[in-house]
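> make a model of this:
(2 chains)
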Amino acid sequence: MQQDITEIRNGMYQAGYICDDKTATTLFLAEALHKPILVEGPAGVGKTAIAQAFSRMKGLPLIRLQCYEGIDESKALYEWDYKRQLLHIQAVANQTIDVKEVEKDIFSDHFLLRRPLLTAISCPTPTVLLIDEIDKVDFEFEAMLLELLSEFQVTIPEFGTVKAEHLPFVFLTSNATRELSEALKRRCLYLYLDFPEQELEEQILLLKIPEIPQQLAGQIASVVRKIRQVQLKKLPSIAESIDWGRSLISLGKDDLDVETALRTLNILAKYKDDLHKLDQMVQTQKNLNFQPVLGSSLSTGTTPVQETKSSEAPSKPALTMKTIEKYYKNKK
Amino acid sequence: MAFFHVMQRFCEDLRREGIPVTPSHSEDCFRALSLIDWSVEDFFYSSLFATLIKDYNYKPLFDNVYKRYFKSQIDLERLKQQLLKKGDESVPEGEAPEGAQADSEVKAQAAENQGSFKNKSSSAPDGRKNPLAQDFRLDSLDDVRRMEALFPLIAKRLASKMIIKNKRNDQNFINFRRTMRKSMSTGGVPVDLITRRKQKEKPILFCLCDVSVSVLQFSCFALALLASLEKFFQHVRSFGFVDEIDEITHLLKHADPKTLRANVLKNAKVIGIRGYSNYGLSFKHFFERYGGQLSQKTTVLIFGDGRNNWYDDEAWVLKEMRNRSKKIYWFNPEEKENWFTGDSRMKEYLKYCDRSFEVTNLLQMEDAFCQL
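Okay, here's the model as predicted:
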């Protein structure tokens, strides 16, 4: 069993997602117990990404249903292609055919528009079904979903019952803007993704941006971590720090300094007030530890820094499962 | 078998903390545990967490109970050693029956320890059903902290209830464009009427809050709760008073509930000459300074017990305020039977209040806010 969980962790890593033992255990249990996973956590922390990585790992198609306020069965489950049915009726109107025949025709598979949920169920292979932002839907829709998730079957009145041949792996994500019904929660395993620890974030940056120098990744991780301790409207999450790393790389920076940080803060802050706060924080360098940066800016001559960097850059440790293993062991 | 009982008691304790753990939760939990290698704590912990807990706000409560049951007693190293002693071949293979047996022995031991632990902490309040229904008896710091743990929970529940309330209110004008568009698919017959959603007017709240020692904790909880519901109450202005009144909105904005009280008393001028709550004088001063800002859009909330220390009640001020604002609500942390006793001037004040609420615990507070 431990091997299974480690395997999942390795597999997820290969699929581009670093997960810890707890997350891997939940994934393992979801697979073993055939239960959907309800993933909660702050925005941008990798809720959707975990489903995507899981589907990559399993080599299964990912079917995504993006929920929004007012989504209904016709958008999520199935709909009859009314216009085509009309055309069909008009086409056969001249030929005198039995009405029953026509009816049978127009309510056949041919005129059925499959929406994500039905697609996932009727797929001949197992699928990964991602129901994104489930907290946005209305209560009626949630109740409908309940039936689907427990039985994995859909009844279409004119057509019959479609039952899943293979149970799909279901991920539900929620930003917790409202409370989901107990009934829905009861059917799911619960997984909460939080902001990662500094080392883990560094690893994620290294994995997601292969060309990033380790030093920069470390700096970003440490600064972002500091920023998360401040009262902001929207805390920067992993998605933001990856964006930041990418933009620093495309600016040609190997090193984070105050000036660059000031110019690129708008990637981290999504509100005017937040931006203002961060701006002051960076300018005064209060609470923010730019230490590796301070060192370089003080020693104006960039050569010594360059040297250390060049000595580091080639020896940037190949990020393997081993380093991750080591990280977890150290953590313990 | 022994471990089974430990788990049962574990679930019971979770319930006692107010976490909804149904039999189907615990069934899932057992099924998960049968699949998992228990010697790795992360596996064990997350299988419990994923199956029993469905809301992140319960995590602190869960962690507490978990620590009490499993953290202190089970030394993972010792567990491993015991497993190793059981026979080398059973461990690497991880055969379920053998491993489970060894485990259950250790857990049985843990159960014993746990039993003794329970005896020690016999002061733990039993029969406490819902922590939300607990009274605001904030004598000890412990109680205050427990309240704080519930804080995000209640804010979330409140928010979700209010969303329902808003959504139900859509029996309004027809949205012609969308109705016609929809009717295309039914041959021009408008089968489904689509109504326009009514933009709910967000009230401007003026909260007057007694911050004298007797009711401060209660009222600050209420205010902080209001402040956290920014989504529903965009404009909340809070005023604290004892026998002088001062605006405390900025103090509450990002306030930490632990330091709220000290903060308010330190940074706002709420204490006048005498230092005993004086509702009449405070209302008068409020009306003099801020009365001009009251309008038909403002709702006034008053948090306090109405105990005026035999000062003049100046109820006419409240009448004036009522004339100028939309509604006045009174939240009283005392039980209703005691409202009209002693130096309480509730009787006079209630004449001019649209509604009053008895809020002795968080549940009642939730209900009251929902009715705003």
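> below-threshold pLDDT in the chain: ranges please.
Here I'm looking at chain A. Low-confidence segments of chain A (pLDDT under 70): A:1, A:96, A:286-332.
> please go with chain B instead
Counting by pLDDT under 70, chain B shows low-confidence ranges at B:1, B:72-172, B:197-202, B:214, B:216-217, B:219-221, B:223-234, B:253-261, B:372.
> now the strands for it?
For chain B, strands defined by DSSP state E occupy the ranges B:204-210, B:235-241, B:245-247, B:298-303, B:327-332, B:355-358.
> identify all contacting residues around the first one.
For strand B:204-210, the external contacting residues (CB atoms under 8 Å, 6 or more residues apart in numbering or on different chains) are B:216, B:219-220, B:222-223, B:226, B:233-242, B:245, B:248, B:277, B:279, B:282-283, B:286, B:290, B:293-295, B:297-305, B:325. Glycine gets a C-beta too; all of them are placed from N, C-alpha and C.
> tell me the residues of the stretch 1-150 of chain B that contact chain A?
B:20, B:22, B:24-25, B:28, B:31-32, B:35-37, B:40, B:42-43, B:45-47, B:49-51, B:53-56, B:59, B:94 (CB under 8 Å from any CB of the partner chain).
> ok, 7 Å please
B:20, B:22, B:24-25, B:28, B:31-32, B:35-37, B:40, B:42-43, B:45-47, B:50-51, B:53-54, B:56, B:94 (CB under 7 Å from any CB of the partner chain).
> report the buried members of those residues.
B:20, B:25, B:28, B:31-32, B:35-37, B:40, B:42-43, B:45-47, B:50-51, B:53-54, B:56 (16 or more other CB atoms under 10 Å in any protein chain shown).
> so A:L129, which of the three states?
strand (DSSP: H, G, I helix; E, B strand; the rest coil).
> give the bridge partners for it, please.
The partner list for A:L129 in beta bridges (DSSP bridges) reads A:I63, A:V170.
> quick revisit: among the residues of the stretch 1-150 of chain B next to chain A, which lie within helices?
Judged by DSSP state H, the residues of the stretch 1-150 of chain B next to chain A include B:S24, B:H25, B:D28, B:R31, B:A32, B:D42, B:F43, B:Y45, B:S46, B:S47, B:A50, B:T51 as members of helices.
> the host helix or strand of A:D274 and chain B, any residue contact?
A:D274 is part of helix A:272-284 when elements are defined by DSSP states H and E. No - Helix A:272-284 lies out of reach of chain B by CB under 7 Å from any CB, never closer than 11.3 Å.
> surely A:T260 is in contact with A:S250?
No - using CB atoms under 7 Å as the test, A:T260 is too far from A:S250 to be in contact (11.9 Å).
> please say which of those two ends up with more neighbours.
Using other CB atoms under 10 Å in any protein chain shown, the more surrounded residue of A:T260 and A:S250 is A:T260, with 16 against 9.
> what residues does the helix or strand hosting that one touch?
Element membership of A:T260, judged by DSSP H and E, is helix A:258-264. Helix A:258-264 is contacted by residues A:W244, A:S247, A:L248, A:L251, A:K253, A:D279, A:V282, A:Q283, A:Q285, A:F290, A:V293 when judged by CB atoms under 7 Å, 6 or more residues apart in numbering or on different chains.
> got the residues of the stretch 51-200 of chain A near chain B?
A:Y82, A:R178, A:E179, A:E182, A:K185, A:R186, A:L189, A:Y190, A:L191, A:Y192.
> surely the third one forms part of a strand?
No - applying three-state DSSP, one finds A:E179 to be coil, outside a strand.
> residues in contact with B:R324?
B:G291, B:L294 are the contacts of B:R324 under CB under 7 Å, 6+ apart.
> cool, A:F171 as well?
A:I37, A:V39, A:I50, A:A51, A:L130.
> tell me the one of those nearest chain B?
Ranked by distance to chain B (CB to the nearest CB), these are led by A:I37 at 8.0 Å.
> spatially central residue in chain A, please.
A:T48 (1.9 Å; CA atoms, centre = their mean).
> circling back: tell me which of the strands of chain B sits nearest to A:T25.
Closest to A:T25 of those is strand B:235-241 (CB to CB; 42.8 Å).
> for stretch A:272-285, which residues meet the burial criterion?
Buried, per 16+ other CB under 10 Å, within stretch A:272-285: A:D274, A:K277, A:L278, A:M281, A:V282.
> next, format those residues as TSV and append distance to B:F206.
As requested, the buried residues of stretch A:272-285 are exported to TSV (distance: CB to CB, whole Å):
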residue	distance to B:F206
A:D274	28
A:K277	28
A:L278	33
A:M281	34
A:V282	38
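> from these, pick the one nearest chain B.
A:K277 (11.3 Å).
> so who does that closest one touch?
A:K277 touches A:V230, A:L232, counting by CB under 7 Å, 6+ apart.
> so how far is A:L268 from it?
When distance is defined by CB to CB, to the nearest Å, A:K277 is 11 Å away from A:L268.
> again with A:Q280
From A:Q280 to A:L268 the distance is 14 Å (CB to CB).
> excluding chain neighbours, give the residue nearest to B:V211 in space.
Leaving aside its chain neighbours, B:V211 sits nearest to B:G240 (4.1 Å; criterion: CB to CB, 6 or more residues apart in numbering or on different chains).
> what about A:R187? Give its phi and psi, please.
Note on A:R187: backbone dihedrals following degrees, to the nearest 10 are phi -80, psi -10.
> need the helices for the stretch 151-300 of chain B, in chain order.
Applying DSSP state H, counting those that start in this stretch to the stretch 151-300 of chain B gives helices spanning B:176-183, B:216-228, B:249-253, B:260-267, B:279-290.
> same question for the stretch 51-200 of chain A.
A:73-76, A:82-92, A:99-106, A:116-122, A:139-151, A:182-186, A:198-208.
> in TSV, list these along with mean neighbour count.
Shown next, in TSV, are these (neighbours: other CB atoms under 10 Å in any protein chain shown):
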stretch	mean neighbour count
helix A:73-76	16
helix A:82-92	13
helix A:99-106	12
helix A:116-122	21
helix A:139-151	16
helix A:182-186	16
helix A:198-208	20
